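In: Provide a 3D model corresponding to the input given below.
(chains A and B)
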There are 2 protein chains.
Amino acid sequence: MPDRYEIEKENKVRQLREKARYDKGAVFSVLDAGIVAHVAFVQDGAPVVVPMIYGRENDTVFLHGARKARVIKLLEQTKRACLNVTLLDGIVLARSAFNSSMNYRSVTLFGAPQLVEGKEEKLRAMRIISEHSMPGRWGEVRDSHDREVKMTGVIALKIETASAKISAGLPDDEDEDYAIPIWAGVLPVTTKIGALQDDDRLLPGATASDAVRALQQRKL
Amino acid sequence: MPDRYEIEKENKVRQLREKARYDKGAVFSVLDAGIVAHVAFVQDGAPVVVPMIYGRENDTVFLHGARKARVIKLLEQTKRACLNVTLLDGIVLARSAFNSSMNYRSVTLFGAPQLVEGKEEKLRAMRIISEHSMPGRWGEVRDSHDREVKMTGVIALKIETASAKISAGLPDDEDEDYAIPIWAGVLPVTTKIGALQDDDRLLPGATASDAVRALQQRKL
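Out: Okay, here's the model as predicted:
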């Protein structure tokens, strides 16, 4: 398996090319850091984009929803989907509006969605999705009921082509603009998980596990 | 101007309908809180989704990019775009995988993108976009050069139809699952702006303005 995606028409980064990455290491690390993906597909010739949680295994991203949900039915039928995960890392305040920008990590990928069928295959994918945003939780909750697996639609989106775009660092101003005596720099944006909020129907002694406490330390 | 969007085929929320909102107050408040939008359109019959910053004025969302960028050229040509802004507010750990979910604020809107032309109209839209993610900064940076305005492509996306979906609160478990003695609850996700990171070429005495300090307090 090659360790980078071929640069093709679909995934080629045309603007700010110096920020582009095509190696799977970069693509996977952004996918693994995010929680929400934006999945786009075409319905009756028109574009639709839907936020979804996801999980990754090698070159495959798994998505899920209610089996009868529009998004699952459409992903089942469509030949092409585009998925983007973007993590905002900072607001870059330059000395001009033109050079002001954002710091971010972003991945865009394309592939043919496929419906995952069969109880064991579905459960496997559901576990991958769950473990992505809630590592360790799958083993703590009760087993899924057959009815729940049937009610869940699972999509496998094999990455055919992808690129990452990563922007980091300080403003890049025009030479003459460094003479402008205003403050410039970066306002870092951080996404963190805060204090646990207990359910109001906890049983006595039901305290957060190590897995939950570890999740609390996660930074997106 | 009606204060809510008609429920039509395109914007109708079909899953978890009780979380749907069609009033402009809800739609605008999510748009105003976010910084990154995901914009989807169709290119040669295939879906593409691109993260973009944006600004809003009444029912219009403004987007921008390099004038020659693919995304701007395609938005100029396409008759339909779909835009989503999603803010993740929490990870909801229920007592089953099936009932575990996310808390979020999300808006999806549809419209016909139009290229904004004319220097004054472009500058006005560029200011709205700048003020959205960097309030007060437009008046601090130097004026835009004509060349920069020409190099910027600006798109106006008038909201024709939209919906918000807002999920908040504690897990909603099956009645019998409340007997499972594990911890359940919410891990709130907060996105904040951190300490200022100074540019390494600041002039002496160039300190952050009140506007920059106010931006530092922003929560997404």
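
In: alpha carbons only for contacts and neighbour counts from here, please
Out: Will do.

In: Quote the end-to-end distance of stretch A:184-201.
Out: Using CA to CA, to the nearest Å, the end-to-end distance of stretch A:184-201 comes out at 49 Å.

In: Stretch A:64-77 now?
Out: Using CA to CA, the end-to-end distance of stretch A:64-77 comes to 15 Å.

In: Which strands and helices lie in contact with the least confident helix or strand in chain A by mean pLDDT?
Out: The helix or strand of chain A with the poorest confidence is helix A:70-77; it has a mean of 91 (mean pLDDT, DSSP states H and E). Judged by 3 or more CA pairs under 8 Å, 6 or more residues apart in numbering or on different chains; DSSP states H and E, helix A:70-77 is in contact with strand A:36-43, strand A:60-66, strand A:113-115, strand A:152-158.

In: got any ranges where chain A has weak pLDDT?
Out: Counting by pLDDT under 70, chain A shows low-confidence ranges at A:1.

In: in it, which spans are helices?
Out: For chain A, helices defined by DSSP state H occupy the ranges A:24-33, A:70-77, A:119-133, A:146-151, A:210-216.

In: any residues touching the fourth one, and which ones?
Out: Contacts of helix A:146-151 with the rest of the structure, by CA atoms under 8 Å, 6 or more residues apart in numbering or on different chains, involve A:66, A:67, A:68, A:119, A:122, A:123, B:98.

In: mind redoing it with 7 Å?
Out: Identification of contacts with helix A:146-151 by CA atoms under 7 Å, 6 or more residues apart in numbering or on different chains yields A:66, A:67, A:119, B:98.

In: With only the CA atoms kept, save it in PDB.
Out: Taking Å, rounded to 0.1, in the frame of the first residue of the first chain, the C-alpha atoms of helix A:146-151 are listed here in PDB:
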ATOM      1  CA  ASP A 146     -30.100  -6.800  17.500                       C
ATOM      2  CA  ARG A 147     -32.900  -4.300  16.900                       C
ATOM      3  CA  GLU A 148     -30.400  -1.400  17.400                       C
ATOM      4  CA  VAL A 149     -28.000  -2.800  14.900                       C
ATOM      5  CA  LYS A 150     -30.900  -3.200  12.400                       C
ATOM      6  CA  MET A 151     -32.000   0.400  13.000                       C
END
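
In: How far off centre is it?
Out: For helix A:146-151, the separation from the chain centroid amounts to 25 Å (computed by CA atoms, centre = their mean, to the nearest Å).

In: quick one, what contacts residue A:194?
Out: Going by CA under 7 Å, 6+ apart, residue A:194 touches A:216, B:187, B:188, B:189, B:190.

In: Please disregard the earlier target; I meant residue A:49.
Out: Applying CA under 7 Å, 6+ apart, the residues near residue A:49 are A:38, A:39, A:40, A:41, B:40, B:82, B:83, B:84.

In: Could you tell me how far it is located from residue B:90?
Out: Noted for residue A:49: a distance of 21 Å to residue B:90, by CA to CA.
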